[in-house]
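# Sequence first, predicted coordinates after that:
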Amino acid sequence: MTEELKPQKRGRRIAMTSEEIDSFLAEERTCRVATIGPDGPHATPLWFGWDGAACWLYSITRSKRWADLMRDPRVSVVVDAGVEFQELRGVEITGTVEVVGELPRTGEPNDALTAIELLFARKYMGGDEMFHDGRHGWLRITPTKITSWDFRKMAAPQG
């Protein structure tokens, strides 16, 4: 990382540990990606991968989201869960994106993508094979800040 990860300042009592963040991001399937376009903010849902250090997006290269990120690589991604107030939990990852691999991705061997493509295939495709349709590309988000919350901790006794 070029920048040091900024610490979470508010809500420390309900913040997730690193292990809780990793577990939460491994089980949840959809993130919301917020980009900055010429007309202002743009938010879209997308599948994602988390490798413990970076958030990976497999995005259509001809999307507004992709165009926005090529113009301005700053991004915020939110993954959340829960229905009732006391169940709410989530993670916000803020950082910058970089393209990794060929565009569009056709499956050329790439050591930088081997681990995330296996993780993604297992999470979303039910196996070890990544499907490439020639329309998507990989974006790696290097976090500058990670904020988390788990409101279930508010009901837990303080020790």
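That came through fine. It should be emphasised that the depicted structure is a prediction, and the values quoted were computed from it without experimental measurement. Numbers count the residues shown, from 1 in each chain.

# dump the residue contacts of the residue minimising distance to the centre of the chain.
Among the residues of the chain, the smallest C-alpha distance to the mean C-alpha position (CA atoms, centre = their mean) belongs to Cys55, namely 3.9 Å. For Cys55, the contact set (CB atoms under 8 Å, 6 or more residues apart in numbering) comprises Leu25, Cys31, Phe48, Gly49, Val77, Ile93, Gly95, Arg140, Ile141, Pro143. In short, each C-beta sits where N, CA and C put it, glycine included.

# for the residue nearest to the last one when sequence neighbours are not counted, helix, strand, or coil?
Residue nearest to Pro143 in three dimensions, not counting chain neighbours: Gly95, with 4.4 Å by CB to CB, 6 or more residues apart in numbering. Under the three-state scheme (DSSP: H, G, I helix; E, B strand; the rest coil), Gly95 adopts strand.

# hang on, Gly95 packs against Leu57?
No - Gly95 is beyond contact range of Leu57, at 11.5 Å (criterion: CB atoms under 8 Å).

# Name the residues contacting each of these two.
Residues touching both Gly95 and Leu57 comprise Ile141, with contact defined as CB under 8 Å, 6+ apart.

# Could you point out the longest strand of this protein?
Among the segments of the chain that qualify as a strand by DSSP state E, the longest is strand 136-150.

# Report the rounded mean pLDDT for that strand.
Predicted confidence along strand 136-150 averages 96 (mean pLDDT).

# Who does the residue nearest to Ala112 when sequence neighbours are not counted form a beta bridge with?
Taking CB to CB, 6+ apart, and ignoring the residues beside it in sequence, Ala112 has Val100 as its nearest neighbour in space, at 5.4 Å. The residues listed as beta-bridge partners of Val100 by DSSP bridges are Trp138.

# How about the contacts made by Val100?
Counting by CB under 8 Å, 6+ apart, Val100 has contacts Asn110, Ala112, Leu113, Trp138, Leu139, Arg140.

# This protein: helices as residue ranges?
Residue ranges of the helices in the chain, as given by DSSP state H, are 18-27, 64-71, 111-120.

# how far does the second one sit from the chain's center?
For helix 64-71, the gap between its own C-alpha mean and the chain's C-alpha mean amounts to 16 Å (CA atoms, centre = their mean, to the nearest Å).

# Tell me what angle it forms with strand 136-150.
Interaxial angle, helix 64-71 versus strand 136-150 (axes from the mean of the first three to the mean of the last three CA atoms, to 10 degrees): 90 degrees.
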